[in-house]
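K.L.:
Next come a sequence and a model predicted from it.
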Amino acid sequence: MPLDPIAYKPYADPDDFIREVTDLIWVDRAIGYIRENYEPDSIVHGAYGTSTTREEVIEGCLMRIAELPDRIGQADDVVWEARGDDAFLSSHLILTADPTTDFLSRTIANCLYRRGRMVEEWVVRDSLAIALQLGLDPDAVAREKVFRGYVGSFVEPVQADVIAAGDSGPRPDDFRPEVEMVLEFIERVWNDRDLEKVPDFMVRDLTLHTVGYRTFIRPEGYRRSLLSLLRSFPSGRFEVRDIATNFAERYAGLRIAVLWKFAGLYNGFPAYGPTNNAAVEVLGVSQFLVQSGRIVREVRLFDEIALRTQIIRHASDDGIVTANIY
């Protein structure tokens, strides 16, 4: 079913829509435009929990722009997929640079737009990259944050068939063999810990871009990156919440964006201070580039500062939940 232009007008298509609207708000500083772009009751799931008001988005956007006013973000990829005939889900990979402080970081925002208005968003930022490149102590930054927790769709049971419908609703059955391959990869390698199976799904010369603005190459690099996360939460599991696919030559072909939640207990390797059995919930997005039926590249983002905040708050248990978390 073709997508009605009402979903993205006055722009050429959803890719153009996402690029231009993001620039309008974040580069041109049209912060007030959020009132036209977001529904009043729009929901945003971020690294620190769920925001349920448009005004919180406006306030949070203003504070982020004011904190580092010289940073500029540009689109690295826009994976978009229709949701019915008047809506689409986009997975927007943003590369951010700050010429004043010389930091680089990535953000992925998954946005559900219906008739040109934001309904629900899932956004993850690589805050660790900024902290490290600015010479800040990640734990000190984490202590200044609060974790409010999730409500709404992100705490509901995962859909029985995520290929048919995810948190953003029913999706088209596009590129099923490649989607099934990526889901099998996540289950076998991430959840079953069959790390020796990486070459069964990924090319030898693979690239992984992940948190801390780090890049890993080849199967062994990929395995070590995954182990560095799992070692602190040895029983943790990844839950696939949503999928979007898109084929475009400008982005090197087929990309598959996967929204996931990682849940586990901090009872393994003490990478974030003494273990304390803190229960963590991590919102993450991975964008996979698939060529000739195999994974060539993954961009995997989650907010490690927010992860540290959950562990620290579990230890202190001070109950603070009032800060803006956008």
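P.N.:
Looks like it came in fine.
K.L.:
burial measure for the closest residue to E281 other than its chain neighbours, as a count.
P.N.:
Leaving aside its chain neighbours, E281 sits nearest to A263 (5.4 Å; criterion: CB to CB, 6 or more residues apart in numbering). Yep, even glycine has a C-beta here, placed from its N, CA and C like the rest. Neighbourhood size, A263 [other CB atoms under 10 Å]: 14.
K.L.:
quick one: A263 is in a strand?
P.N.:
Yes - counting by DSSP: H, G, I helix; E, B strand; the rest coil, A263 is located in a strand.
K.L.:
I'd assumed L283 was in contact with it.
P.N.:
No - counting by CB atoms under 8 Å, A263 stays clear of L283, with 10.6 Å between them.
K.L.:
For the chain, just list every one of the helices.
P.N.:
14-26, 34-37, 54-67, 127-133, 138-143, 176-185, 198-201, 218-230, 304-316 (DSSP state H).
K.L.:
looking at those helices, which is closest to T101?
P.N.:
helix 127-133 (7.2 Å; CB to CB).
K.L.:
next one: that closest one to chain centre, how far?
P.N.:
16 Å (CA atoms, centre = their mean, to the nearest Å).
K.L.:
packing partners for that helix?
P.N.:
Secondary-structure packing of helix 127-133 (3 or more CB pairs under 8 Å, 6 or more residues apart in numbering; DSSP states H and E): strand 103-114, helix 138-143, helix 304-316.
K.L.:
Can you spell out which helices and strands pack onto the second one?
P.N.:
What that stands for is helix 138-143. Using 3+ CB pairs under 8 Å, 6+ apart: helix 138-143 touches helix 127-133, helix 304-316.
K.L.:
What average pLDDT does that helix get?
P.N.:
The average pLDDT within helix 138-143 is 97.
K.L.:
Distance from the chain centre to it, please.
P.N.:
21 Å.
K.L.:
just to revisit the earlier point, now the helices and strands packed on helix 127-133 in CSV, with distance to D161?
P.N.:
CSV is the format used below for the helices and strands packed on helix 127-133 (distance: least, CB to CB, whole Å):
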stretch, distance to D161
strand 103-114, 19
helix 138-143, 37
helix 304-316, 29
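K.L.:
and the ones you listed, which one is worst for confidence?
P.N.:
helix 304-316 - the lowest mean pLDDT of those, at a mean of 92.
K.L.:
care to break this structure down by domain?
P.N.:
If you go by automatic domain parsing, the domain ranges for the chain are 5-152, 159-316.
K.L.:
ranking the helices of the chain by mean pLDDT, which is last?
P.N.:
Per-stretch mean pLDDT for those is lowest at helix 304-316 (a mean of 92).
K.L.:
contacting residues around it?
P.N.:
Residues from elsewhere that reach helix 304-316 (CB atoms under 8 Å, 6 or more residues apart in numbering): 47-48, 126-128, 131, 138-139, 141-143, 145-147, 211-212, 266, 272-273, 276-282, 320.
K.L.:
Compare the helices and strands packed on helix 127-133 and give me the one nearest E187.
P.N.:
Nearest to E187, of all the helices and strands packed on helix 127-133, is strand 103-114, at 20.8 Å by CB to CB.
K.L.:
Would you mind writing the CA trace of that closest one as PDB?
P.N.:
These are the backbone C-alpha positions of strand 103-114, laid out as PDB (Å, rounded to 0.1, in the frame of the first residue of the first chain):
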ATOM      1  CA  PHE A 103      34.000  15.600  20.400                       C
ATOM      2  CA  LEU A 104      32.100  13.200  18.200                       C
ATOM      3  CA  SER A 105      29.100  11.200  19.200                       C
ATOM      4  CA  ARG A 106      26.100   9.300  17.700                       C
ATOM      5  CA  THR A 107      22.400   9.300  18.500                       C
ATOM      6  CA  ILE A 108      19.600   7.100  17.100                       C
ATOM      7  CA  ALA A 109      16.000   8.300  17.300                       C
ATOM      8  CA  ASN A 110      13.200   6.000  16.400                       C
ATOM      9  CA  CYS A 111      10.100   8.100  15.700                       C
ATOM     10  CA  LEU A 112       6.600   7.100  14.900                       C
ATOM     11  CA  TYR A 113       4.900   9.800  12.900                       C
ATOM     12  CA  ARG A 114       1.200   9.700  12.000                       C
END
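K.L.:
which secondary structure elements does it contact?
P.N.:
Short answer (3+ CB pairs under 8 Å, 6+ apart): strand 103-114 packs on helix 14-26, strand 87-98, strand 117-125, helix 127-133, strand 253-265, strand 279-291, strand 294-301.
K.L.:
Let me have those in a markdown table, extended by distance to R313.
P.N.:
Shown next, in a markdown table, are the helices and strands packed on strand 103-114 (distance: least, CB to CB, whole Å):
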| stretch | distance to R313 |
| --- | --- |
| helix 14-26 | 29 |
| strand 87-98 | 27 |
| strand 117-125 | 19 |
| helix 127-133 | 16 |
| strand 253-265 | 15 |
| strand 279-291 | 10 |
| strand 294-301 | 22 |
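K.L.:
I'd like to know how far L289 sits from S91.
P.N.:
The gap separating L289 from S91 is 13 Å, by CB to CB, to the nearest Å.
K.L.:
if you count what's nearby, which of these two comes out ahead?
P.N.:
More crowded of L289 and S91, by other CB under 10 Å: S91, with 29 against 19.
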